[in-house]
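# Build me a structure from this.
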Amino acid sequence: MHDVLPEDQTYFKRIQRVVESIANHYSFDKIETPILEFAEVFQKAVGDDTDIVGKEMYVFRTKGGDVVCLRPEGTAAVMRSYLEHGMRNLPQPVKLWYLGPFFRYERPQAGRFRQFHQFGFEAIGEESPSIDGQIIQMSFDVLKELGFKNLKIEVNSIGDSDCSPYFKKILTSYLKSKRSSLCSDCQRRLKENPLRILDCKEEKCQIVKASAPQIIDHLCEKCHAHFKQVLEFLDELELPYTLNPYLVRGLDYYTKTVFEIVETTEEGQTLGSLIGGGRYDNLAKILGGVSTPGCGSAAGMERITNLMKAREMDLGPKRDPKNVPAQIFLAQLGQLAKRKGMKLFEEFRDAKIPVAESFTKDSLKSQLRAANKMGIKWVLIFGQKEALEDFIILRDMDTGVQQEIKLDKVVEEMKKKITSKK
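Residues are numbered from 1 along each chain as shown. The predicted structure follows:
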């Protein structure tokens, strides 16, 4: 375990400022879960056959006989809190972010610590592909705002409980024929969880993986449709992504969308992963709750700090982010409007104008009701017709008066209105 020295505190604070600013803009609230949890939270969620639970978790028995552990990751703990505190009764999705220390019994090596720090975003209670797009956009924004260049998003779908078991049979059959070419860990994984072999970094296993069947060819209709819409959001947001048909995540709770944001050289060669995440629609059920969809991402702060130090990257302004209440609500109807609306939402963020939204709701009535509850004066209404013709309707919630604004003038016009109000 290591000390976070004063020279690193500056970088940690910079990362926290950026994460908090982006979380505020997307209406994510901070959560802090205990460092000590019941061990079964992670044994159930992460999986007994994973390296985290099998080799890396600090587990011990208390004087009272409870089996507890130091938390090795954030998502399972956040979901445990969501279930325990009845957050299912709140408006969904529940959007949360966290930042703090985690613990794994890693082999001592450069850049790997037994106490390390992560930040993460979690959106729980909504299965809409727009949530996947939002989590990926936020994760990308953090790295971009910290000054990282040449970023690329690797994305895949690993299916769900309908199509994943069938693919596992096909994959297992292929891997059994290559058993002697696998490393000893992967020979063990072949029995326990063959999908995890696709995540192995050993060179001999990489060669086997290169010719393995691809899950994307075996997705059920529902997973295929979900993944197609996620990619459409990424296209609309103009995010640099590539399909990686062999990308999986190392934990058992993942379903459907999985992604990693990697840094590349000017020539396009991958240098390493900076943020990873995906959808975990089965996690609540695994922990004993009602089936509840979710999507999130997490990143290690030490790795990001080391890279920022090595490159002498700009630490930015020292002021703390202000959580300014939104004066504008963006209501959108239909898939095209949602995709274009998400891009517009990013333009408002770039202009540092806070905007409230409800990308997961389809009814205009429910979105206007939400804006009314929040006491928001201006609602931008963006439907299919408006998206096709590149304009938006601005409604004054006090007077009910509506006007049309060209899409490329919206940010500028709303900035004037907010400024004149002040």
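# only C-alpha atoms for contact and neighbour calcs from this point on.
Noted.
# Mind splitting the chain into its structural domains?
Using automatic domain parsing, the domains assigned to the chain come out as 6-148+270-310, 164-209, 328-421.
# how about those, which one is nearest Phe259?
domain 6-148+270-310 (5.5 Å; Cα to Cα).
# could you point out which element follows the lowest-mean-pLDDT helix or strand in the chain?
When each helix and strand of the chain is scored by mean pLDDT, DSSP states H and E, helix 51 comes last, with a mean of 62. Heading C-terminal from helix 51, the first helix or strand you meet, by DSSP states H and E, is strand 59-61.
# Now that following strand: buried residues?
In terms of neighbour count (16 or more other Cα atoms under 10 Å), strand 59-61 has its buried residues at Val59.
# helices or strands next to it in the packing?
Taking 3 or more Cα pairs under 8 Å, 6 or more residues apart in numbering; DSSP states H and E as contact, the helices and strands that strand 59-61 lies on are strand 67-70.
# How far away from the center of its chain is the helix or strand following the strand it packs on?
Following the chain from strand 67-70 toward its C-terminal end, the next helix or strand by DSSP H and E is helix 75-84. Remark: helix 75-84 is offset 16 Å from the chain centroid, using Cα atoms, centre = their mean, to the nearest Å.
# cool, and stretch 215-225?
21 Å.
# One more: stretch 55-67?
Counting by Cα atoms, centre = their mean, stretch 55-67 is centred 30 Å from the centre of its parent chain.
# Distance to Val258 added to the domains of the chain, as CSV?
Putting the domains of the chain into CSV (distance: least, Cα to Cα, whole Å) gives the following:
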stretch, distance to Val258
domain 6-148+270-310, 4
domain 164-209, 12
domain 328-421, 20
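# In the stretch 101-250 of the chain, mark out all the helices, start to finish.
Defined through DSSP state H, counting those that start in this stretch, the helices belonging to the stretch 101-250 of the chain, from first to last, are 129-146, 164-176, 184-192, 203-209, 221-236.
# Point out the most buried one among those.
Each of the helices of the stretch 101-250 of the chain was scored by mean neighbour count; the highest is helix 129-146, a mean of 21, by mean count of other Cα atoms under 10 Å.
# hmm, back to that, would you tell me which of the helices of the stretch 101-250 of the chain gets closest to Lys256?
Between Lys256 and these, the shortest gap by Cα to Cα is with helix 221-236, which sits at 6.4 Å.
# got the angle for the closest one vs helix 129-146?
40 degrees (axes from the mean of the first three to the mean of the last three Cα atoms, to 10 degrees).
# average model confidence for helix 221-236?
This predicted structure assigns helix 221-236 an average pLDDT of 96.
# Which strands or helices does that helix pack on?
With contacts defined as 3+ Cα pairs under 8 Å, 6+ apart, the packing partners of helix 221-236 are helix 129-146, strand 255-264, helix 335-350.
# For Lys204, see how far away the closest residue to Val67 other than its chain neighbours is.
Here the nearest residue to Val67 in space, its sequence neighbours aside, is Arg61; by Cα to Cα, 6 or more residues apart in numbering that works out to 4.5 Å. If you measure Arg61 against Lys204 using Cα to Cα, to the nearest Å, the figure is 39 Å.
# How about Gly316?
For Gly316, the distance to Lys204 - Cα to Cα - is 43 Å.
# ok, now Gly400?
Applying Cα to Cα, the value for Gly400 to Lys204 is 66 Å.
# And for Gln115?
Summarising the geometry, the distance separating Gln115 from Lys204, computed by Cα to Cα, is 31 Å.
# Could you list the low-confidence segments of this structure?
Screening the chain residue by residue with the criterion pLDDT under 70, one finds the ranges 47-54, 108-111, 250, 317-324, 421-422.
# what do you get if the cut-off is 80, keeping everything else the same?
Low-confidence regions of the chain, defined by pLDDT under 80, span residues 46-55, 106-112, 192-193, 249-252, 266-270, 314, 316-325, 360-362, 420-422.
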